[in-house]
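Novice: have a look at this prediction, sequence included:
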Amino acid sequence: MKIATSLNVKLSINTFVQVNSLTRVKALNFRLRYNTKDGNDFTWSTTKALTTLA
């Protein structure tokens with residue numbers, strides 16, 4: 001599942017969730033992008049993987 005939103009022309013947020021029921025792995029990717037001016041982008045991204053034992 002992917003969720004993308006742009007709060008304004010300078011700030012956007014993207015989230016991507018992936019679930020694999022065969023290997024019981026869930027992954028979450030979060031990306032924040034801020035554009036201060038043309039040619040200057042600040043991007044922060046993180047990924048988290050979770051494994052369930054059940």
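Specialist: Great, that's in hand.

Novice: can we go C-alpha only for contacts and neighbour counts from here?
Specialist: Fine.

Novice: so which helix or strand takes in the residue lying closest to residue 13 once chain neighbours are set aside?
Specialist: Sequence neighbours aside, residue 32 is the residue nearest to residue 13 in space, at 4.7 Å (criterion: Cα to Cα, 6 or more residues apart in numbering). Using DSSP states H and E, residue 32 maps to strand 25-37.

Novice: may I see the buried residues of that strand?
Specialist: Within strand 25-37, the residues scored as buried using 16 or more other Cα atoms under 10 Å are 28, 30, 33-34.

Novice: ok, and what's touching it?
Specialist: 9-20, 41-52 (Cα atoms under 8 Å, 6 or more residues apart in numbering).

Novice: per-residue pLDDT, the closest residue to residue 48 other than its chain neighbours?
Specialist: Residue nearest to residue 48 in three dimensions, not counting chain neighbours: residue 28, with 5.2 Å by Cα to Cα, 6+ apart. Looking at residue 28, its pLDDT is 92.

Novice: residue 54 now?
Specialist: 62.

Novice: again with residue 38
Specialist: 86.

Novice: what about it, neighbour count?
Specialist: Residues near residue 38, counting by other Cα atoms under 10 Å, number 7.

Novice: report the secondary structure state of residue 43.
Specialist: strand (DSSP: H, G, I helix; E, B strand; the rest coil).

Novice: and the gap between it and residue 11?
Specialist: Going from residue 43 to residue 11 by Cα to Cα, to the nearest Å gives 10 Å.

Novice: neighbour count: the two, which is higher?
Specialist: Neighbour count, other Cα under 10 Å: between residue 43 and residue 11, residue 11 has more, with 16 against 13.

Novice: now that one: closest residue in space that isn't a chain neighbour?
Specialist: Excluding its sequence neighbours, the residue lying closest to residue 11 (Cα to Cα, 6+ apart) is residue 34, at 4.6 Å.

Novice: any low-confidence regions in the protein?
Specialist: Scanning the chain with the threshold set as pLDDT under 70 gives 53-54.
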